[in-house]
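Sequence first, then the predicted structure, then my questions.
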Amino acid sequence: MDFLEKYKMWLSSPYIDDVTKKELIKIKDNKKEIEDRFYKDLEFGTGGLRGVIGAGTNRMNIYVVRKVSQGLSNYIKKVESNPKLRGVVIAYDSRNKSREFAMEAASVFAGNGIKAYVFDDLRPTPELSYAVRKLSAISGVVITASHNPAAYNGYKVYWEDGAQVSLSMADKILEEINNVSDFSHIKYKNLDTAKGEGLFAVIGEEIDSIYTKDVQSLLLNKDLIEKHKDTFKIIYTPLHGSGNKPVRRSLAEAGFNKVFVVAQQEMPDPNFSTVKSPNPEEKSAFNIALDMAKEIEPDLILGTDPDCDRLGICVKDLEGKYLNLTGNQVGALLVNYILSQLKERNSLPDNGVIIKTIVTSEIGRKIAEGYGIKTIDTLTGFKYIGDKIDEFEKSGSNTFLFGYEESYGYLAGTFVRDKDAVIASTLVAEMGVYYKEKGITIYEALENIYKTYGYYKESLKSIVMKGKEGSELINKIMKMLRVNPPKKVGFENINEIKDYEKGVGDLPKSDVLQLITDKSSVISIRPSGTEPKIKIYFSVIGKNNKDAEEKLKSLLDGFTNVIDMIIKK
């Protein structure tokens, strides 16, 4: 069925409501728009699905949510003998239609005889992971588009271990979704009726309390927080998302008394009206917090994304100016802090491991080696870190100490199986207090790491390519790089090529290409699994900061030219 046939089917279907049909009628003369909305189904992968809110098979709407929920229900019923007893936990963030989509999913699960647990209000993604494990649920769903712009929403699927579903499981769920060929095949139950039948329940404070208690158990220097509780100042912005209450609660219970919240960004706002993008990776997201800092002069600025799984921070540099640290830098700081504190207590396990993704800086490995700790690489995506934690738990082969990725995701502890900005915020704040006690700032601690392990610098270039044409161009770029890779980039020769599509080590196959130079620089190229873009990661090592910056610029400029030439062909 081509896109025009799908479009006409939606217009004629008795299952599509009048509001949706009116939206579709408005684009009846725009063939390109119709094609973009209907040329494919919104892609379901290991991260579930994510897309622009609107009518169509390639958009986020109640019909797509219902279809995916029916497919997931069909899979659950095949593998679980008592789905009513186990159930599915559903969380949602502050985005447009998040609560509506959550209730639609719950109605479909209930219609299939699967108990649906829905949080009473917006909650962070990591708390969903936690709740799935605490409630012994078979699965979990989060309605979120993470740090994407306001036009987006999404549907992330978790399994009983609290991690996002595996590649093989995602394929099986996708098969079940594709088998839902007609909206009439979707089972649906009114939630009031479902509640009476024991198929719907609301959850809230009972999970919040035990989750916060477990976060506090990860603290390593509570006595220092007590000592500096009235002098260590923090500015926090939830960027209109779900982190507001849990992050503030965790910081308060840890003992921090001087936490100042950015009032303009405190309350949920689905349009994220104060920022260009609700992404703590974007420096501009901290503009209001930085204005506050002129008066408050905090030791630390924290910012979390809408579903509170990513954390960005700002700290004072040597000149007293606030500097945004990258995910690689925060990850390196936390690896060093956690391992140093465990070593001080003679608590470093012989089989301890740090886990990072293949596009994350190698400085973390160098730091871990300094403490005699092994580092394991995974593919990009925190679910792979969650899978490793589960594997270690079952085999006893290793003790998980910390996991992180360059895209501002960090995790300590094993009670959550996804990146967790509540945990990360609390640990970063404690780390700040620790270094304040030592008479240095977080920035100075980072400089000490560079002096010890080398001046590692990284950069990320994202090229947005929307729609069908963009998807085809992304495929063209990856194909051309594989067929005819550059022999030289900038001033560096390419010494080695790792094509993860063919398989590297024991990692699953993935559409990622890495170019490694004669100066140990690394260029990693991969299409985003959740957004219409191709991502290019650059990593260099310099003799000093200036040398590293020069190498990074040369590499970035050189490879940008390579991509431009491919696009023009």
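Structure received.

Near the closest residue to Thr326 other than its chain neighbours, how many other residues are there?
Excluding the flanking residues, the one nearest Thr326 by CB to CB, 6 or more residues apart in numbering is Glu458, at 6.5 Å. No exception for glycine: its C-beta is placed from N, CA and C like everyone else's. By other CB atoms under 10 Å, 21 other residues sit near Glu458.

Where does the prediction get shaky in this protein?
530 (pLDDT under 70).

Recalculate using a threshold of 50.
Residue ranges of the chain with pLDDT under 50: none are present.

Ile494: how many residues sit nearby?
For Ile494, using other CB under 10 Å, the count is 16.

From what I see, Cys308 and Ala421 are in contact.
Yes. Counting by CB atoms under 8 Å, Cys308 touches Ala421, with 4.7 Å between them.

Which neighbours do those two have in common?
Residues touching both Cys308 and Ala421 (CB atoms under 8 Å, 6 or more residues apart in numbering): Pro124, Pro126, Gly243, Val247.

Can you tell me which of these are buried?
Listed as buried from the shared contacts of Cys308 and Ala421 are Pro124, Pro126, Gly243, Val247; burial here means 16 or more other CB atoms under 10 Å.

Report the two of those separated the most.
Farthest pair in those (CB to CB) is Pro126 and Val247. Separation: 11.0 Å.

Look up the closest residue to Glu226, ignoring the ones flanking it.
Gly255 is the one closest to Glu226 (CB to CB, 6+ apart), at 5.4 Å.

list the contacts for the one you found?
So, once contact is read as CB under 8 Å, 6+ apart, Gly255 ends up touching Lys222, Ile225, Glu226, Lys229.

closest to Asn561 among these?
Nearest to Asn561, judged by CB to CB, of those is Ile225 at 49.8 Å.

Checking the closest one next. Helix, strand or coil?
State at Ile225, reduced to three classes by DSSP: H, G, I helix; E, B strand; the rest coil: helix.

coming back round to it: sticking with the residue nearest to Thr326, tell me its helix or strand.
Taking DSSP states H and E as the definition, one finds Glu458 inside strand 455-464.

Off-centre distance for the following helix or strand past that strand?
Once the chain leaves strand 455-464, the next helix or strand it forms, by DSSP H and E, is helix 467-483. Relative to the centre of its chain, helix 467-483 is centred 24 Å away, using CA atoms, centre = their mean, to the nearest Å.

One more: stretch 247-258?
Between the centre of stretch 247-258 and the centre of its chain there are 24 Å (CA atoms, centre = their mean).

Mind listing the residues bridging to Trp159?
Ser139 (DSSP bridges).

Now do the contacts for it.
With CB under 8 Å, 6+ apart, Trp159 has these contacts: Val132, Ile138, Ser139, Gly140, Val165, Ser166, Met169.

okay, now the third one: neighbour count?
Ser139 has 26 neighbours, counted by other CB under 10 Å.

Please apply the same query to the fifth one.
Residues contacting Val165 under the criterion other CB under 10 Å number 25.

State the phi and psi torsions of it.
With angles defined as degrees, to the nearest 10, Val165 sits at phi -60, psi 150.

State the distance from it to Ile143.
For Val165, the distance to Ile143 equals 16 Å [CB to CB, to the nearest Å].

Please apply the same query to Phe44.
From Phe44 to Ile143 the distance is 14 Å (CB to CB).

same question, Tyr434
Tyr434 is 37 Å from Ile143, by CB to CB.

Same drill for the two, tell me which one is more crowded.
Using other CB under 10 Å as the criterion, Tyr434 and Ile143 rank with Ile143 on top: 28 against 20.

rewinding a little: how about CSV for the buried ones among the shared contacts of Cys308 and Ala421, with distance to Met565 added?
Shown next, in CSV, are those (distance: CB to CB, whole Å):
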residue, distance to Met565
Pro124, 43
Pro126, 42
Gly243, 42
Val247, 45
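
which one of the residues you listed is nearest Leu85?
Closest to Leu85, out of all of those and judged by CB to CB, is Pro126, at 24.9 Å.

On the three-state scheme, the closest one is what?
Quick answer, by three-state DSSP: Pro126 is helix.

wait, doesn't it sit right on Ala424?
No. Pro126 lies out of contact with Ala424 (CB under 8 Å); the separation is 9.4 Å.

How much space separates Ala137 from Met292?
40 Å.

Would you mind telling me which of these two has more residues around it?
Ala137 (25 against 19).

Could you export the contacts of Trp159 as a markdown table, including distance to Lys498?
Output for the contacts of Trp159, formatted as a markdown table (distance: CB to CB, whole Å):
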| residue | distance to Lys498 |
| --- | --- |
| Val132 | 34 |
| Ile138 | 37 |
| Ser139 | 34 |
| Gly140 | 33 |
| Val165 | 26 |
| Ser166 | 22 |
| Met169 | 26 |
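
Please identify which of the residues you listed is nearest to Asn324.
Closest to Asn324, out of all of these and judged by CB to CB, is Gly140, at 31.8 Å.

and that closest one, how many neighbours?
Neighbours of Gly140 using other CB under 10 Å come to 29.

For it, give me its contacts.
Counting by CB under 8 Å, 6+ apart, Gly140 touches Val88, Val89, Ile90, Ala91, Leu128, Ser129, Ala131, Val132, Val157, Tyr158, Trp159, Gly162.

Which of these fall in helices?
Using DSSP state H, the subset of these located in helices is Leu128, Ser129, Ala131, Val132.
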